[in-house]
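[1] sharing a model prediction with you, sequence too.
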Amino acid sequence: MSITRYLTGITTTGTPHLGNYVGSIRPSVAASLSPGVQSFYFLADYHALIKCEDPVRIQRSTLEIAASWLAAGLNPEHVTFYRQSDIPEIPELTWLLTCVTGKGVLNRAHAYKASVDKNTAAGREQDDGVTAGLFMYPVLMGADILMFKAHKVPVGRDQVQHIEMARDMAASFNHLYGEHFVLPEAAIDEHVATLPGLDGRKMSKSYDNTIPLFSSRDQLKKLIGGILTDSRAPGEPKDTEGSALFQIYQAFATADETDALRRAYADGIAWGDAKQVLFERVDQVIAPMRAQYDELIHNPARIEQTLLAGAERARTLATPFIRELRTAVGLRSLVQGATAAKPAKAAKAALPAFKQYREADGQFYFKLVDADGRLLLQSTGFAAPKDAGQAIARLQREGAGALAGQLAAVEGVSDADVGAALAALAQAAAAA
């Protein structure tokens with residue numbers, strides 16, 4: 001049986017909430033039990049440093065997140081569960097990838113662009129407050145993924161770009177130094193629920209509207225009692241559509257239980273009674289895990305031991321692999337390096353390439369990169385992948401002028417550069 005490797009990281013900057021459980025923890029624990037799957041779960045504490053400057057918070061969050069995953073049923077004997085900072089090979093790989101990643105690629109990262117746009121709108125210098133850590137975030141994420149040759153990375157649509165970038169880094173490195181990396185794919189589950197928070201918006205630490213996953217029973221009841229509802233009185237029919245109470249209940253209840261509450265809404269259930277139904281159902285799911293969580297959270301030494309054991313398991317893969325990569329790039333013993341041959345490249349000359357992808361806005365895009373991965377041409381968005389493919393075909397037939405208004409300018413790239421790349425592709429196609 002072939003093995004598929006899945007890898008998931010959790011940034012250690014906050015306390016897990018019900019939305020994290022439904023959207024990430026529960027499906028990931030279930031997936032780890034699937035046959036033919038090798039799962040890697042890590043606590044992304046290096047990533048936390050980019051957005052949090054409170055060391056106590058990072059340490060506490062690491063403890064809470066690890067305890068939450070273990071209490072929810074993650075079995076460290078069946079998965080590789082580790083803390084990112086316990087794997088020194090990851091920052092070393094980050095540097096190796098940095099040396100093959102174009103700055104232009106990083107300029108287009110969503111988080112960086114959002115910071116630049118925010119600064120521009122406020123009339124500030126575009127890089128005001130932007131750290132090198134934020135700018136290099138995609139490279140560190142690429143190292144996390146590529147280190148363990150992950151085939152699939154479960155992500156939301158807003159994270160797909162990072163997987164594309166990791167693929168580009170892997171392809172650039174493989175082109176220069178031989179085939180070493182697996183090119184990962186994003187695994188998007190369209191059915192994973194996104195829970196509303198106390199105010200009806202998406203449950204998020206950013207909105208301060210969360211219900212902590214392992215609140216005490218009393219705190220859970222109080223928080224659920226504070227969920228925003230409308231002014232309809234008892235006896236008045238109520239809509240399930242847009243009801244935060246109903247959506248949260250649906251994520252924890254069976255189909256029959258959900259239908260029963262839907263009928264109760266139509267019959268005019270009082271909001272107080274609906275909140276009590278929700279509280280009892282959520283607590284029924286959480287209570288057994290809460291007992292395990294409380295035991296773990298008060299025994300940090302046990303969690304520490306679990307993470308160190310996971311790191312040891314992870315490093316049995318990472319240590320020989322980074323040794324292989326060091327040799328590939330020339331970081332070798334002088335005795336070894338004196339006669340070592342340069343890795344063989346593909347017999348055919350490397351060519352420019354078109355790459356199609358989908359962004360978080362739902363639109364389809366394409367780009368043209370040269371043989372070294374440098375961006376030459378970037379499209380605007382298309383409604384369907386077929387439209388993007390037809391635009392590429394037209395571009396190859398008629399040249400860049402045929403798509404006026406559908407191509408975004410790329411700094412430092414001339415029309416001659418694009419023309420030469422298109423000509424090289426045409427010549428290769430004619431010779432095939």
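    Structure received. Numbers count the residues shown, from 1 in each chain.

[2] ranges for the strands of this structure?
    Taking DSSP state E as the criterion, the chain carries its strands at 4-11, 37-44, 80-83, 152-154, 185-187, 353-358, 364-369, 375-379, 407-408.

[3] among those strands, which is nearest Thr316?
    strand 80-83 (9.5 Å; CB to CB). Quick note: C-beta positions are derived from backbone N, CA and C, even for glycine.

[4] pull up the pairing partners for the closest one, direction included.
    strand 37-44 (parallel) (DSSP bridges).

[5] what sits up against the partner strand?
    3-12, 28, 31-32, 62, 65-66, 69, 74, 78-84, 87, 144, 148, 150, 307, 314 (CB atoms under 8 Å, 6 or more residues apart in numbering).

[6] repeat for stretch 149-165
    Contacts to stretch 149-165, defined as CB under 8 Å, 6+ apart, come from residues 4-8, 24, 27-28, 31, 40, 101, 105, 108-110, 138, 141-142, 145, 166, 181-182, 184-189, 321, 355, 357-360, 362.

[7] returning to what we had before: mean pLDDT and distance to Lys275 added to the strands of the chain, as TSV?
    TSV is the format used below for the strands of the chain (pLDDT from 0 to 100; distance: least, CB to CB, whole Å):
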stretch	mean pLDDT	distance to Lys275
strand 4-11	92	29
strand 37-44	94	34
strand 80-83	97	36
strand 152-154	89	32
strand 185-187	89	35
strand 353-358	82	39
strand 364-369	85	43
strand 375-379	86	49
strand 407-408	83	49
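
[8] would JSON lines of these with distance to Leu223 and mean neighbour count be doable?
    Formatted as JSON lines, those follow (distance: least, CB to CB, whole Å; neighbours: other CB atoms under 10 Å):
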{"stretch": "strand 4-11", "distance to Leu223": "22", "mean neighbour count": "21"}
{"stretch": "strand 37-44", "distance to Leu223": "25", "mean neighbour count": "22"}
{"stretch": "strand 80-83", "distance to Leu223": "29", "mean neighbour count": "24"}
{"stretch": "strand 152-154", "distance to Leu223": "28", "mean neighbour count": "20"}
{"stretch": "strand 185-187", "distance to Leu223": "32", "mean neighbour count": "18"}
{"stretch": "strand 353-358", "distance to Leu223": "36", "mean neighbour count": "16"}
{"stretch": "strand 364-369", "distance to Leu223": "41", "mean neighbour count": "21"}
{"stretch": "strand 375-379", "distance to Leu223": "45", "mean neighbour count": "20"}
{"stretch": "strand 407-408", "distance to Leu223": "45", "mean neighbour count": "16"}
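
[9] output these in a markdown table; the columns should cover distance to Phe279.
    Formatted as a markdown table, the strands of the chain follow (distance: least, CB to CB, whole Å):
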| stretch | distance to Phe279 |
| --- | --- |
| strand 4-11 | 27 |
| strand 37-44 | 30 |
| strand 80-83 | 31 |
| strand 152-154 | 30 |
| strand 185-187 | 33 |
| strand 353-358 | 39 |
| strand 364-369 | 43 |
| strand 375-379 | 50 |
| strand 407-408 | 51 |
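
[10] which stretch among these comes nearest Lys205?
    Set against Lys205 and scored by CB to CB, the strands of the chain come closest in strand 4-11, at 10.4 Å.

[11] helices and strands around that closest one, which ones?
    In terms of contacts (3 or more CB pairs under 8 Å, 6 or more residues apart in numbering; DSSP states H and E), strand 4-11 is packed against helix 26-32, strand 37-44, helix 45-51, helix 132-147, strand 152-154.
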